[in-house]
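Novice: Turn this into a model:
(one chain, ligands or ions: 1)
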Amino acid sequence: MIQPGIRIGSRASRLALVQAEYIKSRLQQAHPEVAFNIVKISTQGDLNRRVSMGELPGVGFFVKEIEAALMADEVDIAVHSLKDMPADVPPGLALTAVPEREDPRDALISRGHYSLSELPPGAKIGSDSLRRAFQIKAVRPDIQVVSIRGNIETRIKAVDTGQVDAVILAAAGLIRLGWRDRINQYLSLEIFLPPPGQAALGIEIRSGDDRRAALTAAVNHAPTHQAVKAERAFLRRLGGGCRAPIAALGTVDGAVLTLRGTVADESGRTIITDQASGDVSAAEKVGIALAERLLSLGAAQFINKAGE
Ligand SMILES: NCc1[nH]cc(CCC(=O)O)c1CC(=O)O
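Specialist: A predicted model of the protein is given here:
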């Protein structure tokens, strides 16, 4: 019997296609009898590239069109950068597999190959992330953080042309695009805690599609999946849609999952960090417990305000 092909939906950006190709080849290896094809979908996030990310309404604009294609049965499997996925998966869809995480750290690319501490006084760093801006201010209050638009290539070019002295990007994206040797410094996780899901991929299908769910299991990495579940439960409990910067990273050591999390108010004046541990099988409980701890430590004041 001829098996129908499986359509893998991806954004058309270079990073998204590299990620989709990687998942396609892993799936192909695990299921040689099935044909896998990549379907490119252009998203609002790509179309609005000239608009600063902070100005775009809501979260998840990179994933929405792909989810719509999934629901409309135009594709069967979606591959997303997990950190671009909203805390809640829409009804009708399911996040079934999370492959092993790439390096979760942020990375600095600078003119003159300087590290963050070596950059000259008053240097300009290009970033569109409120989280990264606060983290920079915490160690180098003299540095000017300027808004910068565009994809990863455009941001690196801004360094090469002297528009900015440095940019901070997720190491994972740079490594996946083959630019590991452009990284001048890997920033410490102590200060630059990444947002939930950084460096991880999310494999999404229509819920109830048991055949595809079974297929995607081949690319799942259980420790990463559990870590990401904790990070996303943390995000959800804090209020996924709020504008307050939220960072979280889960790590698994044997049967113990440890989650570190940070939440800042919109001005960056108050930054609250803590960690929680628990059994790896109770990942979401760890995420919720940490969120509640941060809320009781004072995050409740600015989280609630941000939603108004
Ligand atoms: N928001 C854009 C985005 N989505 C995923 C990555 C990089 C790879 C990843 O974190 O998985 C990036 C760029 C960046 O933050 O540098």
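Novice: any idea which element residue 21 lies in?
Specialist: helix 14-30 (DSSP states H and E).
Novice: Just the mean pLDDT for that helix, thanks.
Specialist: The average pLDDT within helix 14-30 is 97.
Novice: Stretch 162-170 now?
Specialist: So the average pLDDT for stretch 162-170 ends up being 97.
Novice: does it come close to the ligand?
Specialist: Yes. In terms of CB under 6 Å from any ligand atom, part of stretch 162-170 sits within range of the ligand, namely 169, 170. For every residue, glycine as well, the C-beta is placed using N, CA and C.
Novice: which other residues reach that stretch?
Specialist: Residues from elsewhere that reach stretch 162-170 (CB atoms under 8 Å, 6 or more residues apart in numbering): 83, 105-111, 114, 116, 119-120, 123-127, 129, 132, 136, 146, 148, 152, 155-156, 158-159, 184, 187, 192, 194, 198-199.
Novice: that older thread, what angle do the next helix-or-strand element following the helix holding residue 21 and helix 14-30 make?
Specialist: Going down the chain from helix 14-30, the next helix or strand is strand 36-41, by DSSP H and E. Per axes from the mean of the first three to the mean of the last three CA atoms, to 10 degrees, the angle that strand 36-41 makes with helix 14-30 is 160 degrees.
Novice: List the contacts of strand 36-41.
Specialist: Applying CB under 8 Å, 6+ apart, the external contacts of strand 36-41 come out as 5-12, 17, 20-21, 24, 27-28, 65-66, 69, 74-75.
Novice: Check stretch 215-232 too.
Specialist: Residues outside stretch 215-232 that contact it (CB under 8 Å, 6+ apart): 6, 23, 26-27, 30-31, 34, 77, 82, 87, 96-101, 196-197, 200, 202-203, 205, 248-252, 257, 259, 261, 280-281, 283-284, 286-287, 290.
Novice: Can you flag the buried ones in the contacts of strand 36-41?
Specialist: For the contacts of strand 36-41, a neighbour count by 16 or more other CB atoms under 10 Å gives the buried set as 6-11, 17, 20, 24, 27, 65-66, 69, 75.
Novice: What's opposite the closest residue to residue 21 other than its chain neighbours in the beta bridge?
Specialist: Take residue 21 and drop its neighbours on the chain: the residue closest to it by CB to CB, 6 or more residues apart in numbering is residue 38, 6.9 Å away. Note on residue 38: beta-bridge partners by DSSP bridges are residue 8.
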